[in-house]
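1. What follows is a predicted structure for the sequence shown.
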Amino acid sequence: MEAMKPRLAVLLCLLYFAVSSFSLPAAENVSRKLNVLFIASDDLNNALGCYGHPLVKSTNLDRLAKRGVRFDRAYTQFPLCSPSRVSLLTGLRPDTTRIYDLQKDFRKTALSNVVTLPQLFRQNGYFVARVGKIFHYGVPGQIGTSGLDDPQSWDKVINPRGRDKDEENKLINHTPKRGLGSSLSFLAAEGTDEEQTDGKGALEAIRLLEENRDKPFFLAVGFYRPHCPYVAPKKYFGLYPLEKVTLPKDPQNDLDDIPPAALWTKPPNWVLSERQLREALQAYYASISFMDAQVGKLLDALDRLKLAENTVIVFWSDHGYLTGQHGQWMKMSLFEESARVPLIVCAPDARGNGKGCARTVELLDVYPTLTELCHLAAPKNLHGHSLVPLLNNPKAKWDRPAYTQVTRGSGRNQFMGYSVRTERWRYTEWDGDKKGAELYDHENDPGEHNNLARDAKFAKAAAEMKNLLGQLTSADVREGRP
């Protein structure tokens, strides 16, 4: 028996090292920080295959939706680039940021010391980089520059510039009196994807993934398309024969019950011909498919580099985009197509991956969601709420409405429109109802054609929605308290 003790000790030692060697990789995998790939598209509405659009081809975003959770009722806080982006990236509502236009730098306000979403990751040891447009800069005027970027948020920035910027003289512009950044202008471009600004941006982002694959990273990639001018290589226009591109069909007298303040495109459709509008819409769709192809390159790179299983992917747009509904185009409206955005979140091991979520959520919710997923301590004053419960169960109880607001007028004559969205209703007030109100029943009227705000049959619903809207405009929110 005594002779066996040395052998037993040796066996126990071998067993110990075998178990230790087996367990170590698992322990390393658990402790490793999750990466974040943060993808933004500019001026993209929900015209995507994964959201049920019958014509638009978006194969790469469709496959991302199959890997993550597709939020079917996600809303911007302000349907304009800079106010929306500042709100998402600071986690604060526009009435706290006080950013309502495209010129003001939020660091030169009372928010000079705010910690942005990427800045928080930077403070926690991540490599944090930006490629393209994340904070605001004008398209196409400021392509290739940093615009209103926030240097405190990044370790590295890359501002791609492609032939789309250099070939503006080739554009077809159906609204020549409007600036290019707010025009129905387009170009079926010669050349390859890689010559375009977004194509260059995708390649730069992939290079950063390759160079930083062995450290925790937060990589933000901001694509410009489909923001006007609608520019994409010719092959993407070929996906959409003009005869298949149709315009929305509104009921006759659709505008009769809509407050004038609700209308941004004046006169409706800018008095363009049906063919001109269809050509613009064809180009918008082509730009979406081009942008989608660049997203696909990022997803392929994640898979090739074996990073997908340890990376949270968020795809979002800063606001929606009207394409002729109610005679309106682009943003700056509180109709559904302007306020609603695509939002897809793919988190490793989330139990809801591959499903859609019908709860009303906000872009504000992205900040606290990422901090929870990555186990970071979030600022205490964030106005959004973590979507992690919905990532694990898209049908989980969730009673939070979504709020969107927009300005009208300027100077002393400026006033605000506020809108609140629940799963069934949208309610909007212009200048505190002084300039009109709107109530739409999305269960029976998804196109928002019948304004029920003054209909006695719906007085109870209007009162309940008015009360929800009042919660947004309370002093607590205006003064920055969640």
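-> Here it is on my side, so go on.
2. List the pairing partners of the top strand by length along the chain within its sheet, with orientation.
-> Among all segments of the chain classified by DSSP state E, the strand with the greatest residue count is strand 217-226. Strand 217-226 has the following sheet partners, assigned by DSSP bridges: strand 35-42 (parallel), strand 127-132 (parallel).
3. relative to strand 217-226, how tilted is the helix or strand hosting residue 291?
-> Using DSSP states H and E, the element containing residue 291 is helix 274-304. Direction vectors for helix 274-304 and strand 217-226, defined by axes from the mean of the first three to the mean of the last three C-alpha atoms, to 10 degrees, enclose an angle of 160 degrees.
4. Who are the contact partners of the closest residue to residue 159 other than its chain neighbours?
-> Here the nearest residue to residue 159 in space, its sequence neighbours aside, is residue 144; by C-beta to C-beta, 6 or more residues apart in numbering that works out to 5.4 Å. To be clear about C-beta, it is placed using only N, CA and C from the backbone, and glycine gets the same treatment. Applying C-beta atoms under 8 Å, 6 or more residues apart in numbering to residue 144 gives the contacts 159, 160, 161, 165, 197.
5. one more time with 10 Å
-> Contacts were defined as C-beta atoms under 10 Å, 6 or more residues apart in numbering; by that measure residue 144 touches 137, 159, 160, 161, 162, 165, 166, 197.
6. of those, buried ones?
-> Judged by neighbour count, with 16 or more other C-beta atoms under 10 Å as the criterion, the buried members of the contacts of residue 144 are 137, 159, 160, 162, 165, 197.
7. got those as JSON lines, with pLDDT columns?
-> As requested, these are exported to JSON lines (pLDDT from 0 to 100):
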{"residue": "137", "pLDDT": "90"}
{"residue": "159", "pLDDT": "98"}
{"residue": "160", "pLDDT": "98"}
{"residue": "162", "pLDDT": "98"}
{"residue": "165", "pLDDT": "97"}
{"residue": "197", "pLDDT": "98"}
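8. Which pair of the residues you listed spans the longest distance?
-> Between any two of the buried ones among the contacts of residue 144, the greatest separation by C-beta to C-beta is 15.2 Å, found for 137 and 162.
9. Need the pLDDT of the closest residue to residue 305 other than its chain neighbours.
-> Sequence neighbours aside, residue 213 is the residue nearest to residue 305 in space, at 5.2 Å (criterion: C-beta to C-beta, 6+ apart). pLDDT for residue 213: 97.
10. The one 5 residues further on too?
-> Per-residue confidence for residue 218 comes out at a pLDDT of 98.
11. try the one 5 residues further on
-> For residue 223, the pLDDT comes out at 98.
12. With the one 4 residues further on instead?
-> Model confidence at residue 227, expressed as pLDDT, equals 98.
13. give me phi/psi at it?
-> When read as degrees, to the nearest 10, the backbone of residue 227 gives phi -50, psi 140.
14. Can you give me the distance of it to residue 319?
-> Counting by C-beta to C-beta, to the nearest Å, the separation of residue 227 from residue 319 is 11 Å.
15. shared neighbours of those two, anything?
-> With contacts taken as C-beta under 10 Å, 6+ apart, residue 227 and residue 319 have 42, 43, 44, 81, 330 as neighbours in common.
16. got a list of what residue 442 touches?
-> When the contact criterion is C-beta under 10 Å, 6+ apart, the partners of residue 442 are 73, 336, 421, 422, 423, 424, 425, 426, 448.
17. which two in these are spaced the farthest apart?
-> 423 and 448 (14.9 Å).
18. that older thread, from the contacts of residue 144, which is closest to residue 148?
-> Closest to residue 148 out of the contacts of residue 144 is residue 137 (5.7 Å), distances taken as C-beta to C-beta.
19. Test my guess that the closest one contacts residue 146.
-> Yes: counting by C-beta atoms under 10 Å, residue 146 is a contact partner of residue 137 at 6.7 Å.
20. Name the residues of stretch 440-453 that come out as buried.
-> So for stretch 440-453, counting by 16+ other C-beta under 10 Å, buried means 440, 442, 447, 448, 449, 450, 451, 452, 453.
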